[in-house]
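Peer 1: Just a sequence and a predicted model for now, questions to come.
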Amino acid sequence: MSRRAQQNRGAGVRGTKHPRLFASEGALYPLLSHYLKRQQLLPVNQFHVRQGRIDLIGFEIDWEAVRKRYLAGPRQAILQPPLLRLFSLCALGRCYRLASLASILRISEVYLRRLLSGLPANTLVVKDKSFILRALPPPVVKRAVGVEAKLDDWRRCLTQAFSHRYYVDESYIALPCDRLGALDLALVKKRGVGVLSVSRAGVVPLLPANRNAANKEKRLWRLGLNERAWAFLSGGSILRHRLSEKGPPCCCRGLPPGDSNARIVAGGDKFLGFLEPLPKEVSSVLGSI
């Protein structure tokens, strides 16, 4: 046997002693989805944001707010960027001129009137050249948890999870349990990101994530996040299943597979165009990881 063949044979023997626990990142998703469900969170795979996509996001749903919105409206998800900007800028009960708002939103007054005409009467009142905002869509999302999964590149995983803190309340990295030896927990904790250890038996939290503080800069994104979650709920069988039940069952009952419904929430580049870029302090820290 040649020397190269002996080396290849030895490498194969060594490879069989320490095989990878998971063959791909996709193998982590079912375990992570099950973990989010056990935490009473509604899991959605491949949630797109301006800086890319979040592998998994878990929504803590306010089911009482869902019931109220289903009964009082608006039942359709408000995904038009101009309307989301309008809701983030306007105060309830105050009169606004349509021409001024159209100029701020950088759209025509005709297009603004067309958008407002699609909203229910209990949301706003349009009078000639002005309108009054009477109610905002009730927030159905109490908390959003983002999870970034990788097989071994923990630094890249941390970079992505840290950038996702702008969009979610808590951000986690998920790694196979046999790949945690090189992880710098002190650096991860400093960035406010949590750690999840994934094995074939399930998911174990190793480090809790810091809760992100809400501010006015995130109000627009929060409105969009709420509406995309509502689009996911109202577009499938989850809402009908929950409203038809007498008791408060676990949120994992009646859930369709996350992958098949991710496109409902993902939106697209046109929807994501209204989001503000990451703050400068966040972008500067990303380069140091």
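Peer 2: Thanks, I have it.

Peer 1: Now residue 130: phi and psi?
Peer 2: Note on residue 130: backbone dihedrals following degrees, to the nearest 10 are phi -140, psi 170.

Peer 1: Could you do residue 138 as well?
Peer 2: Per degrees, to the nearest 10, the backbone of residue 138 is at phi -60, psi 140.

Peer 1: Which residues are in contact with it?
Peer 2: Applying CB atoms under 8 Å, 6 or more residues apart in numbering, we find residue 138 in contact with 62, 65, 68, 69. All C-beta atoms are positioned from the backbone trio N, CA, C, and that covers glycine.

Peer 1: For the first one, give me its contacts.
Peer 2: Shown here is residue 62, whose contacts under the criterion CB under 8 Å, 6+ apart are 138, 139, 140, 141, 142.

Peer 1: Between those, which sits nearest residue 47?
Peer 2: Closest to residue 47 out of the contacts of residue 62 is residue 141 (12.2 Å), distances taken as CB to CB.

Peer 1: Correct me if wrong: the closest one contacts residue 225.
Peer 2: Yes. With contact defined as CB atoms under 8 Å, residue 141 counts as touching residue 225 (6.2 Å).

Peer 1: Report the contact partners of residue 203.
Peer 2: Applying CB under 8 Å, 6+ apart, we find residue 203 in contact with 31, 32, 34, 35, 174, 196, 197.

Peer 1: Which one of the contacts of residue 62 sits in the busiest neighbourhood?
Peer 2: Most neighbours among those, by other CB atoms under 10 Å: residue 140, with 23 neighbours.

Peer 1: distance of that residue from residue 68?
Peer 2: With distances taken as CB to CB, to the nearest Å, residue 140 is found 9 Å from residue 68.

Peer 1: Skip the chain neighbours and tell me the closest residue to residue 204.
Peer 2: Excluding the flanking residues, the one nearest residue 204 by CB to CB, 6 or more residues apart in numbering is residue 197, at 4.7 Å.

Peer 1: Can you name the residues bridging to that neighbour?
Peer 2: Beta-bridge partners of residue 197, counted by DSSP bridges, are residue 175, residue 204.

Peer 1: now the strands for the stretch 101-250 of the chain?
Peer 2: 124-127, 130-133, 141-149, 170-176, 194-199, 202-207 (DSSP state E, counting those that start in this stretch).

Peer 1: any idea which of those is most buried?
Peer 2: strand 170-176 (a mean of 25; mean count of other CB atoms under 10 Å).

Peer 1: returning to what we had before: looking at the contacts of residue 138, which has the most residues close by?
Peer 2: Most neighbours among these, by other CB under 10 Å: residue 69, with 20 neighbours.

Peer 1: That one: what's it in contact with?
Peer 2: Taking CB under 8 Å, 6+ apart, one finds 75, 137, 138, 140, 230 in contact with residue 69.

Peer 1: what does residue 148 give?
Peer 2: Going by CB under 8 Å, 6+ apart, residue 148 touches 54, 55, 157, 160, 161, 164, 171, 172, 173, 174.

Peer 1: Show me which of the residues you listed is closest to residue 21.
Peer 2: Of all the contacts of residue 148, residue 21 sits closest to residue 174, with 12.5 Å by CB to CB.

Peer 1: ok now do residue 91, which residues does it touch?
Peer 2: With contacts defined as CB under 8 Å, 6+ apart, residue 91 is in contact with residue 133.
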